[in-house]
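Chemist: The sequence and its predicted three-dimensional model are supplied below.
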Amino acid sequence: MKTYLENLARYNFWANERFHETLLPQPAELLQLHIVSSFASIQETMKHLYDAETAWWLRLNDPASSYNFKDPFPGSFAELLHAHASRSKQWVDYIESSDEKTLKGEFLYMRAGVEMRSRIHDMLVHLFNHGTYHRGQLVTMMRQAGITELPATDYILYCRMHMPL
């Protein structure tokens with residue numbers, strides 16, 4: 001289980017970095033262009049990815065805390081991408097430093113004022129799958145915004161590059 005989760009966390013970090021590299025030089029008007037999707041713009045979708053990783057980090061490490069997805073990110077878009085990369089790397093480090101017993105364990109957290117319980121490994125698979133889902137949306141949004149250089153982030157590509165047979 002641990003090796004699988006390490007691979008997913010490293011993949012998530014790598015895929016996020018490909019998007020960061022592609023989006024960082026884009027003009028603000030493209031990043032903020034209103035596009036019909038789960039979130040209204042590329043920038044809002046990137047903020048959601050950061051928010052989700054941060055909310056789950058806090059739920060796991062500070063169950064009494066709360067995180068408001070509606071709060072604006074306090075910095076620039078570049079700072080958002082940097083914070084997102086740092087958070088994604090934090091997940092890699094967490095899994096690498098955890099043992100199998102920890103990863104199979106449960107944790108309690110609050111969500112919308114209700115106490116919830118999840119298995120750590122289930123939350124991690126959810127988190128990385130969630131990132132893949134929204135990165136897929138980002139590709140479509142980027143195409144609609146006229147961005148033609150799109151990052152290739154399929155998991156199998158990551159495996160070929162980082163885990164050769």
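Modeler: Alright, I've got the coordinates. In this text the structure is predicted, and so the values were computed from the model without any measurement. Residues are numbered from 1 along each chain as shown.
Chemist: now what about the helix or strand of the chain with the lowest mean pLDDT, what contacts it?
Modeler: Taking all helices and strands of the chain together, the one with the lowest average confidence (mean pLDDT, DSSP states H and E) is strand 106-111, at a mean of 91. Contact with strand 106-111 is made by 59-60, 63-64, 66, 115-120, 123, as judged by CB atoms under 8 Å, 6 or more residues apart in numbering. For every residue, glycine as well, the C-beta is placed using N, CA and C.
Chemist: Return a ChimeraX selection command for the buried portion of these.
Modeler: Buried members of the contacts of strand 106-111, identified by 16 or more other CB atoms under 10 Å, are gathered into one ChimeraX selection as follows:
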select :59,60,118,120,123
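Chemist: wait, which of the contacts of strand 106-111 is closest to Gln43?
Modeler: Lowest distance from Gln43 to the contacts of strand 106-111 (CB to CB) belongs to Ser66, with 23.6 Å.
Chemist: just curious, which of the contacts of strand 106-111 is nearest to Thr148?
Modeler: Met123 (35.9 Å).
Chemist: tell me the mean pLDDT for the helix of greatest length in the chain?
Modeler: Among the segments of the chain that qualify as a helix by DSSP state H, the longest is helix 120-144. Averaged across helix 120-144, the pLDDT comes to 98.
Chemist: helices or strands up against the very next helix or strand once past it?
Modeler: Sequence-wise, the next helix or strand downstream of helix 120-144 (DSSP states H and E) is helix 155-162. Using 3 or more CB pairs under 8 Å, 6 or more residues apart in numbering; DSSP states H and E as the contact criterion, the elements in contact with helix 155-162 are helix 2-23.
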